[in-house]
Structures are given as C-alpha cells and as structure tokens.
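Participant: My questions concern the predicted model and sequence given below.
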Amino acid sequence: MIKKITIIALFSLWLLSCQKEDIGTETVATTQITQTSHLTAKTVAGNVPSHDPSTIVKSGVNYYVFTTGDYIPMTYSTDLINWSWGTSVFNSTPSWITGYVSGFTKTFWAPDIAWFNNRWNMYYSCSTFGSATSAIGLVTAPSISQSAGTKWTDRGVIVSSSSSSDVNAIDPSILVDGSNVYMAYGSFHAGIGVIKIDPLTGKTTGNKTIVAGGSSASWEAPCLIKEGSYYYMFANRGACCQGANSTYYIVIGRSTSPFGPFVDKNGVSLKSGGGTTVLKTMGNYIGPGHISRIVGTQKGSVHYYDGADSGNPKLEIVNFTWSGGWPTITY
C-alpha cells in the first residue's frame with residue numbers, strides 16, 4: 001500500500017509576491033506564537049493547502065515550508081500564521097528521475113529540508129501510485145527567496161528502491177546532530193529505515209538500518225529528532241489522503257542511538273508493533289500527519305484534514321512539551 005495523494009490539483013495555482021527580503025544570513029527560528037487548544041481556532045490563517053509539509057525553516061526574514069505537489073510547491077510567512085504562495089522549486093523534472101521511476105512526471109512527494117555544509121539541502125520523493133519503485137533526490141541552494149531568485153542545484157539520486165522487500169524510498173526526514181547528519185525514510189513495505197548522510201556531499205554513507213514497521217504494515221512519514229540524550233522517531237500509522245475519512249495518527253518511540261532500537265513508553269519496539277500515540281483525530285483536526293519540529297524551538301508542524309472544510313488538507317503549528325523524557329504534542 002502506498003500513499004494515494006488526492007490533492008494534486010490544489011497545487012496548480014501559485015500566487016507570486018513582490019515582497020523584498022534579506023537572504024544573506026541563515027538563522028534558526030525563534031518566533032513564539034500564542035497557541036490555543038480550542039479545536040475550532042486555527043493558528044494558521046488562510047486557505048493555502050498543505051500536504052506532507054517539510055520542516056519549516058527560516059531564510060532571511062521569511063519562514064518556508066515545502067509540500068507535496070507539482071514541482072515541489074513552496075509557501076512562506078513572516079510570522080508562522082499568514083502564509084502565501086511562493087515559487088516552486090523546479091520548473092521541469094530532472095532528467096535522471098525517469099531512469100529510476102518510469103512514468104514519473106512532475107508531482108513530487110514529501111520533501112524535507114535542512115541547513116548544513118553552508119547550504120540548504122532539500123530531499124524530495126519521486127514515485128508513482130501503488131509502486132515500491134521510488135527514489136529520493138537532493139537539491140541545494142545557498143539561500144531561499146520566495147521569488148524565482150533562488151538558485152536550486154539538483155544533485156541527483158540519494159537512495160532508490162525497486163521492490164516491496166526494500167525500504168520504500170520516499171518520505172525523507174533529515175536530522176542534523178552536531179557534525180553528523182541522518183536521514184530517516186520509508187513507507188509501508190519493509191518499514192522505516194535510517195541511514196547516515198555525508199555532510200559534505202549530502203549523499204548517503206554506510207548501510208541503512210530498519211528501525212520501525214515491516215511486513216507492509218502502515219508505517220510512513222518518519223520524523224527523527226533529538227532532545228537531550230535521546231533520539232525520537234515519530235511516524236504515521238493508518239491511512240492518509242482520504243480527506244475527512246483519513247485515519248492517520250502519529251506515534252513515537254525513543255532510543256539512545258539514531259539507529260535504534262526505538263521503543264515506546266511501554267518498552268515495545270517499533271519493529272514489533274509498538275508506538276505511543278502522540279497525536280490523533282480531534283474535532284475537525286482529522287488524520288494529523290507528517291510531523292516535524294522547527295530547529296531550535298519547541299514548535300513544529302503537521303498537516304491535517306479539515307473537517308470544517310470538506311476534508312481539505314491544511315498546515316497547522318504544534319507545540320512540543322516534555323515530561324519524563326517523553327513529548328506531548330498540542331495544537
């Protein structure tokens with residue numbers, strides 16, 4: 001079973017802005033937003049659709065998030081509340097992709113982005129519906145602008161998969177841990193894998209380790225973070241992409257190593273069906289998924305299907321609070 005994205009059409013129109021920005025200095029996000037747990041009051045304004053949002057990053061005056069859609073859509077904000085369409089990453093599909101994923105056209109899935117080696121490194125997914133033949137690619141830029149001025153350089157394939165016995169090469173999540181960089185990825189099939197990234201090239205080094213799921217169980221959209229002495233693996237269970245009928249929910253395990261073993265609060269391995277639920281459907285926030293955390297903060301993002309708006313996918317900001325070495329996630 002693979003993601004069956006039904007929202008592609010939502011990404012076909014872009015609103016371009018002429019706002020000026022300083023893109024010279026890269027900073028981590030520190031803005032604090034007043035949050036509310038009231039399930040009908042959103043912290044994100046407007047109707048910009050969002051599915052599989054990347055980690056939110058800041059370049060110059062703007063925050064940026066990249067999502068599933070044609071040529072990797074981008075939206076930006078100065079305050080994490082009001083978001084506008086920016087310019088998509090690509091204007092054509094890199095030629096190397098069809099050698100790995102026959103029939104791929106322009107709809108990229110689930111990008112993630114991180115700052116290391118003095119550049120932005122964006123990892124993106126290439127696949128087709130219902131197939132384990134997939135690839136994750138890399139594109140880089142020294143800074144990001146909401147306009148067409150960003151100079152993205154495609155670096156080619158990072159990992160690929162060709163059968164259901166392998167970790168499906170989609171849904172990358174990047175963790176920069178000091179001088180080390182790791183990528184978690186995977187969807188259903190053989191489960192969630194973690195592999196080390198060479199910070200100089202952005203390419204993989206060494207072998208992947210399967211840390212969650214397997215046997216085609218519903219595990220996907222991993223997010224690897226570090227807090228204190230623990231590494232935390234978030235992942236989605238259930239089914240996405242069905243609007244208000246989506247059953248997505250987010251679980252977590254932790255480990256003292258980025259390669260696991262990851263266990264939940266009850267000590268059950270994520271490879272054996274474990275996983276402590278940290279976010280699920282509440283009110284009109286249906287099927288939350290694809291969690292990430294803004295670097296240097298205790299804030300992050302998810303997408304959810306809005307029960308008050310025909311199940312359309314939306315971006316939402318979430319809070320991380322910690323107790324006893326485990327997080328609570330709230331809107």
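Facilitator: That came through fine. Predicted model only: the values in this text are computed from it and were never measured.

Participant: Low-confidence stretches in this protein?
Facilitator: Applying pLDDT under 70 to the chain flags the ranges 1-43, 46-47.

Participant: quick one, helices of it?
Facilitator: Taking DSSP state H, the chain contains no helices at all.

Participant: max-length strand in it?
Facilitator: Across the chain, the longest stretch assigned as strand under DSSP state E is strand 312-323.

Participant: Give me the contacts around it.
Facilitator: 7, 10, 33, 35, 42-44, 47-51, 53, 65, 75, 80, 83, 227, 243, 279, 285, 288, 291, 293, 298-306, 327-331 (C-beta atoms under 8 Å, 6 or more residues apart in numbering). (Glycine included, C-beta is placed from N, CA and C.)

Participant: Now, of these, which are buried?
Facilitator: Using 16 or more other C-beta atoms under 10 Å as the burial test, those include 7, 10, 42-44, 48-51, 53, 65, 75, 80, 83, 243, 279, 285, 288, 291, 293, 299-306, 327, 329, 331 as buried.

Participant: Counting only strands, which of those make the cut?
Facilitator: Using DSSP E, these in strands are 65, 75, 279, 285, 288, 291, 293, 299-306, 327, 329.

Participant: For residue 77, see how far away the residue nearest to residue 172 when sequence neighbours are not counted is.
Facilitator: Using C-beta to C-beta, 6 or more residues apart in numbering and skipping the chain neighbours, the partner closest in space to residue 172 is residue 123 (3.9 Å). Per C-beta to C-beta, to the nearest Å, residue 123 is found 22 Å from residue 77.

Participant: For residue 197, which residues are in contact?
Facilitator: Counting by C-beta under 8 Å, 6+ apart, residue 197 touches 174, 181, 182, 183, 203, 204, 205.

Participant: Tell me what it is bridged to.
Facilitator: residue 181, residue 204 (DSSP bridges).

Participant: cool, and residue 45?
Facilitator: With DSSP bridges as the criterion, residue 45 is bridged to residue 82.

Participant: so what's it up against?
Facilitator: 81, 82, 83.

Participant: The first one touches residue 44, doesn't it?
Facilitator: Spelled out, it's residue 81. Yes. If you go by C-beta atoms under 8 Å, residue 81 and residue 44 touch, sitting 6.1 Å apart.

Participant: shared neighbours, the two?
Facilitator: Counting by C-beta under 8 Å, 6+ apart, residue 81 and residue 44 have no contacts in common.

Participant: mind checking how far stretch 316-324 is from the chain centre?
Facilitator: Going by C-alpha atoms, centre = their mean, to the nearest Å, the spacing between the C-alpha centre of stretch 316-324 and its chain's C-alpha centre is 17 Å.

Participant: Okay, buried residues for that stretch please.
Facilitator: Buried residues in stretch 316-324 (16+ other C-beta under 10 Å): 316, 317, 318, 319, 320.

Participant: Now do the third one against residue 331, distance only.
Facilitator: Which is residue 318. In terms of C-beta to C-beta, residue 318 sits 6 Å off from residue 331.

Participant: now the buried residues of stretch 316-324 in CSV, with distance to residue 273?
Facilitator: As requested, these are exported to CSV (distance: C-beta to C-beta, whole Å):
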residue, distance to residue 273
316, 28
317, 30
318, 25
319, 28
320, 25
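
Participant: thinking residue 115 is in contact with residue 141, fair?
Facilitator: No. Look at residue 115 against residue 141 with C-beta under 8 Å: they stay out of range, at 10.4 Å.

Participant: Just the buried ones from the contacts of residue 197, in ChimeraX syntax?
Facilitator: Buried residues within these, by 16+ other C-beta under 10 Å, are selected in ChimeraX with:
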select :174,181,182,183,204
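
Participant: from the chain's centre, how far out does stretch 178-188 sit?
Facilitator: Here stretch 178-188 is found 11 Å from its chain centre; the criterion is C-alpha atoms, centre = their mean.

Participant: Just the C-alpha atoms of the longest strand of the chain, please, in CSV.
Facilitator: Presented in CSV, the C-alpha positions along strand 312-323 are these (Å, rounded to 0.1, in the frame of the first residue of the first chain):
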residue,chain,number,x,y,z
ASN,A,312,-9.1,19.6,2.6
PRO,A,313,-5.5,19.3,3.9
LYS,A,314,-4.2,22.2,5.9
LEU,A,315,-1.0,23.2,7.7
GLU,A,316,-1.0,23.6,11.4
ILE,A,317,1.6,24.7,14.0
VAL,A,318,2.0,22.4,17.0
ASN,A,319,3.8,22.6,20.4
PHE,A,320,6.2,20.1,21.9
THR,A,321,6.2,19.9,25.7
TRP,A,322,8.4,17.3,27.6
SER,A,323,7.9,15.4,30.8
